[in-house]
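> Just to be clear, the model below is a prediction. Sequence and coordinates:
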Amino acid sequence: MERENFGNRFGVLVAMAGSAIGLGNLWRFPYLVGSYGGAAFVFVYIFCVFLLCLPIFMSEVIVGRRSHANAYGAFKKLAPGTKWKWLGAVSVVTPIIVVSYYSVVGGWSVEYFFKALTLEFTAGATQAEMGTMFGRFISSVWAPITGHTIFLLLTAFIIIAGVKSGIEKFGKVMMPLLFVLIIFIAVRAATLPGAGEGLKYLFQPDFSKIDASVCAAALGQAFFSLSLGVGTILTYGSYVSRNENIIASSTYTATADFLFAMLASCAIMPAVFAFGLNPQEGPGLVFETLPFIFANMPLGWLVAILFFLALIVAALTSSISLYEVGVAYLVEERKFSRRGASVLVFLIAWVLGILCSLSFGPLSDLHIFGQTIFNFFDKLSANVLMPVGGLLLVIFVGWVMKKADVLDEMTNGGSLPGNRRISGFIYFLIRYICPLAVAAVFLSALIF
Ligand code: PFF
């Protein structure tokens, strides 16, 4: 059977940016900025994204396009008869773990979208009331499981439709919409009285705040936001056609992802400051602090609907990329039909997701290595599997693949003169700087 490819450059860009831009940008990035000192965190983050993670992103695309195979098949093809296929195997399992808890938070977004539609964020509500509402919701049994199920079903439908008519088509409509929504919300927030303090917090760095923990958090977030180390970019890379410019598409994706994270912060921080709230609210920022702000600002009901719609769309384009890894593997290596593979991945992620969801309520006493199931999945993937996966992947590209092959992918056989000039530098980053920096930050996070 012929493998599908993305149709054109815009298709590649929306699919990859769709994977990158997600809950990580709208939910995780703003609360990390708040917890790690504002602009200083942003400053370190920029280095992490463009100097360290962008070359790793390119490396994943290179492995995908060179092999034109799924995450497991890619290593079997490029390094036959070696143990590297185990990295491929881990790269197939990790995204299924991530999608299971990711779709639980996707489900919360679905619920909050309906709450916004039915005007449940009522004027006069206090922040504490919103906190209680959220706590009660996530610790209940049926409502969050329903949201998780709806979200995962939506993901499955897009995947079943295929690479071109599902993933690419959905991205082409939804990604531009997402940017329009977030720009609208950011403009609304930035024009609130007192919003200036929030913008200052985002753009005026206090360099004394930078320490090892800020660096570790920034690198971890850059990994998460660019979807690295879990086989998704590799799998999408395998659908990129031979004449596509890998360096350009990867750079556009990282730039779009960064801009979106900043826009999301511009939508959130000014509002937080305008209402005199604490930016260090942590993970509750989006589901507790924001609903309170929406309830109490002019036109807040509309902004709430648009915000939670944006959250669902952003989360969906990311979860389809996670889902596709397992499906591509099952179809190509285990000869499943696309539909059969989608059903199997759905069932696994659905059951695991239910356990994650229940770990906020009835299963909250069940601990794995001292963590609830949700936190264990989150920490295992974001702090261990992703960085280690990304580290091994750059080592593979920098030290196992032939240099000529890597440069060939970066320059399309030497036919892109602009890329020829910078490919040596990027190769240097891939071979030396990225592995050393990622290993150092990973180890320091383990030690401290
Ligand atoms: N990059 C996504 C986000 O920022 O929400 C999360 C993600 C998607 C992580 C896909 C990993 C992945 F493979």
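Structure's in. What do you need? Numbers count the residues shown, from 1 in each chain.
> near the ligand, which residues of the stretch 1-150 of the chain show up?
Listed as neighbours of the ligand in the stretch 1-150 of the chain under the rule CB under 6 Å from any ligand atom: 19-20, 22-25, 95, 98. The way it works is simple: take the backbone N, C-alpha and C, and place the C-beta from them, glycine included.
> Grab the two from the residues you listed that are most spread out in space.
Farthest-apart pair in those is Asn25 and Pro95; separation 18.2 Å (CB to CB).
> So which residue of this structure lies furthest out from the middle?
Largest separation from the mean C-alpha position in the chain: Gly124, at 34.2 Å (CA atoms, centre = their mean).
> Now do the same contact list for that one.
295-296 (CB atoms under 8 Å, 6 or more residues apart in numbering).
> so how far is Met130 from it?
Noted for Gly124: a distance of 12 Å to Met130, by CB to CB, to the nearest Å.
> Spit out the residues that contact these two alike.
Counting by CB under 8 Å, 6+ apart, the residues touching both Gly124 and Met130 are Ala295.
> Mind giving me the packing neighbours of the helix or strand of the chain with the lowest mean pLDDT?
Least confident element among the helices and strands of the chain, by mean pLDDT, DSSP states H and E: helix 434-447 (a mean of 84). Secondary-structure packing of helix 434-447 (3 or more CB pairs under 8 Å, 6 or more residues apart in numbering; DSSP states H and E): helix 54-67, helix 212-225, helix 386-395.
> Now the shortest one: average pLDDT?
Same thing as helix 386-395. The predicted model assigns helix 386-395 a mean pLDDT of 94.
> thinking again about what came up before, would the residue farthest from the centre of the chain count as being in a strand?
No: using DSSP: H, G, I helix; E, B strand; the rest coil, the assignment for Gly124 is coil, not a strand.
> How about the backbone phi and psi for it?
Main-chain dihedrals, Gly124, degrees, to the nearest 10: phi 90, psi -10.
> Could you do Gln371 as well?
Gln371 adopts backbone torsions of phi -120, psi 150, taken as degrees, to the nearest 10.
> Tell me the spacing between it and Glu129.
Gln371 is 29 Å from Glu129, by CB to CB.
> can you check Gly18 too?
35 Å.
> Looking at the two, which one has more neighbours?
The neighbour comparison of Gly18 against Glu129 (other CB atoms under 10 Å) goes to Gly18, with 29 against 16.
> Whichever residue of the stretch 251-400 of the chain sits closest to the ligand: neighbour count?
Closest contact between the stretch 251-400 of the chain and the ligand, by CB to the nearest ligand atom, is at Ser318 (4.0 Å). When counting by other CB under 10 Å, one arrives at 26 neighbours for Ser318.
> Okay, and it sits in which element?
If you go by DSSP states H and E, Ser318 is part of helix 300-333.
> Flag every buried residue along the next helix or strand after that helix.
Going down the chain from helix 300-333, the next helix or strand is helix 338-358, by DSSP H and E. By 16 or more other CB atoms under 10 Å, the buried positions in helix 338-358 come out as 338, 341-342, 344-346, 348-350, 352-358.
> Run through who's touching helix 338-358.
By CB under 8 Å, 6+ apart, helix 338-358 touches 96-97, 99-101, 103-104, 107, 138, 141, 144-145, 148-149, 152-153, 156, 159-160, 162, 323, 326-327, 330-331, 334, 336, 363, 373-374, 377.
> re earlier: now the least confident helix or strand of the chain: buried residues?
434-435, 437-438, 441-442, 445.
> List the contacts of the closest residue to Val240 other than its chain neighbours.
Spatial nearest neighbour of Val240, chain neighbours left out: Arg65 (4.9 Å); criterion: CB to CB, 6 or more residues apart in numbering. Counting by CB under 8 Å, 6+ apart, Arg65 touches 237-238, 240, 242, 244, 246, 409.
> how close does Arg65 get to Asp408?
11 Å.
> same question, Arg242
Taking CB to CB, one finds Arg242 at 11 Å from Asp408.
> Read off the pLDDT value for the residue lying closest to Ala71 once chain neighbours are set aside.
Spatially, and ignoring its direct neighbours in sequence, Ala71 is nearest to Gly231 (3.4 Å; CB to CB, 6+ apart). On pLDDT, Gly231 comes in at 96.
> ok, now which ones touch Gly231?
71, 88, 91-92, 94-95, 325, 389.
> Now intersect those with the helices, please.
The members of these that map onto helices under DSSP state H are 71, 88, 91-92, 94-95, 325, 389.
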